[in-house]
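S.K.: Here is my input; please provide its structure:
(2 chains)
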Protein chains: 2
Amino acid sequence: MDRFDDIRAAALELFTDRGFRATTMADIGAAVGMRGPSLYKHVESKQDLLARIMTTTMEALLAGYRTAVASSDDPVERLRRATEAHVRYHARHRLEAFVGNREIRSLVDPHRARVLALRAEYEHAFRCLVADGVAAGVFHVDSVRLASYAVLDLGMGVSAWYREDGELAEDAVVWQYSTFALRLVGHVG
Amino acid sequence: MDRFDDIRAAALELFTDRGFRATTMADIGAAVGMRGPSLYKHVESKQDLLARIMTTTMEALLAGYRTAVASSDDPVERLRRATEAHVRYHARHRLEAFVGNREIRSLVDPHRARVLALRAEYEHAFRCLVADGVAAGVFHVDSVRLASYAVLDLGMGVSAWYREDGELAEDAVVWQYSTFALRLVGHVG
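M.R.: Modelled structure (predicted):
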């Protein structure tokens, strides 16, 4: 792990614990044992750090989505795998999900516009997956948009309650939640 | 609306906007045009305000749940109505949901223990609704616990994306989400 990864990890913990606004660059520096000048060699500002955390989170979700859907042409399998990737990411990156949800207000443009565009792209991708299944006659929903929101909500929820040391294994959560997603869109399996 | 309600509303906005830690009692006082002594006639501290916001939120959710399930003995109708109440609350009280999710770390005992106990009670109530349906042979799930978490996740999601001026009416969201919940637990309607 290079120094930037250390700084990013420390910032993520601090933003989670006390919020972006109440965290200072000095706090982040102290957490990784670096002082001003060397810290600023790696990051421009606290805003830059938040922007990089939120942008890479959305890029990782989009990359996971693309890998998931590239593996099949079947609308059922595509939604199943995309949901698996979505839920697994949220189980593994809970702080990113938490900070992403909580600090979108703290992000300034152009970063904010960039993150909102990536989110819109991700939501649109799931909406298309549901629409494809409806068009193929394998999903049955009143509103494609609402159904895709509900599938995405499942991931956000997991990031709020999942714990590695809890009684539910990651795979069990991932597989059952993807089954929930298929049920939710009216697929009779 | 009495003065406490004004103070609570201002605190909720500020906690949402800048976070609990970065909000001061002076900020809250300024937002309602009150100075220290008169403000402290209504609230003990910032911690007291957060505790009251989070406790009343959970009490309102539990009261909504009880009203919803009191109206029927049928497990399907009970889960439908409880989910409707859950989703409607989250569509209408988005700041409470946001602050509740984000600031549980900022709450100190005994408030924190009290809120966690209320949350556990609420989760348990939904788990029982799902278990009742499984016992009656009308729901089919691998894990009652996971299915009840997924139903609850739907509400949290709604609080994150729902807007009154958006293209989806509250009733449409509430009704379709409760249908999603019934599908998710394997009810064939």
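
S.K.: For chain A, give me the ranges with low pLDDT.
M.R.: A:1, A:189 (pLDDT under 70).

S.K.: which residues touch residue A:184?
M.R.: Residues counted as contacts of residue A:184 (CB atoms under 8 Å, 6 or more residues apart in numbering or on different chains) are A:147, A:150, A:151, B:180, B:183, B:184. Placement of C-beta: from N, CA and C, glycine included.

S.K.: Could you report the distance from it to residue B:89?
M.R.: Residue A:184 is 20 Å from residue B:89, where distance means CB to CB, to the nearest Å.

S.K.: what residues go with each domain of chain A?
M.R.: Listed by automatic domain parsing, the domain ranges of chain A are A:1-43, A:46-184.

S.K.: Out of these, which is the most enclosed?
M.R.: domain A:46-184 (a mean of 19; mean count of other CB atoms under 10 Å in any protein chain shown).

S.K.: Quick one: end-to-end distance for that domain.
M.R.: 40 Å (CA to CA, to the nearest Å).

S.K.: ditto for stretch A:131-150
M.R.: Stretch A:131-150: ends 14 Å apart by CA to CA.

S.K.: right, is it up against chain B?
M.R.: Yes. For stretch A:131-150, a contact with chain B is found by CB under 8 Å from any CB of the partner chain, at A:142, A:143, A:145, A:146, A:147, A:149, A:150.

S.K.: which one of those is nearest residue B:115?
M.R.: Closest approach to residue B:115 among those (CB to CB): residue A:150, at 26.3 Å.

S.K.: Where does that closest one sit, in terms of helix or strand?
M.R.: If you go by DSSP states H and E, residue A:150 is part of helix A:144-161.

S.K.: Determine the set of other helices and strands touching that helix.
M.R.: Packed against helix A:144-161, as judged by 3 or more CB pairs under 8 Å, 6 or more residues apart in numbering or on different chains; DSSP states H and E, are the following elements: helix A:75-92, helix A:94-102, helix A:111-135, helix A:170-184, helix B:144-161, helix B:170-184.

S.K.: I'd like the distance from the fifth one to the chain centre, please.
M.R.: Relative to the chain's own centre, helix B:144-161 is displaced by 11 Å; criterion: CA atoms, centre = their mean, to the nearest Å.

S.K.: ok, back up a step: of all the helices and strands packed on helix A:144-161, which lies closest to residue B:12?
M.R.: For these, the distance to residue B:12 is smallest for helix B:144-161, at 13.0 Å, taking CB to CB.

S.K.: by how many degrees do the closest one and helix B:111-135 diverge?
M.R.: 120 degrees (axes from the mean of the first three to the mean of the last three CA atoms, to 10 degrees).

S.K.: can you list the residues of chain A near chain B?
M.R.: So chain A meets chain B at A:16-22, A:98, A:101-102, A:105, A:142-143, A:145-147, A:149-150, A:152-154, A:156-158, A:160-161, A:168, A:172-173, A:176-177, A:179-180, A:183-184, A:186 (CB under 8 Å from any CB).

S.K.: rewinding a little: redo the domains of chain A as JSON lines? Include distance to residue B:111.
M.R.: Below are these laid out as JSON lines (distance: least, CB to CB, whole Å):
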{"stretch": "domain A:1-43", "distance to residue B:111": "18"}
{"stretch": "domain A:46-184", "distance to residue B:111": "19"}
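
S.K.: so which of the ones you listed comes closest to residue B:80?
M.R.: Nearest to residue B:80, of these and by CB to CB, is domain A:46-184 at 14.5 Å.
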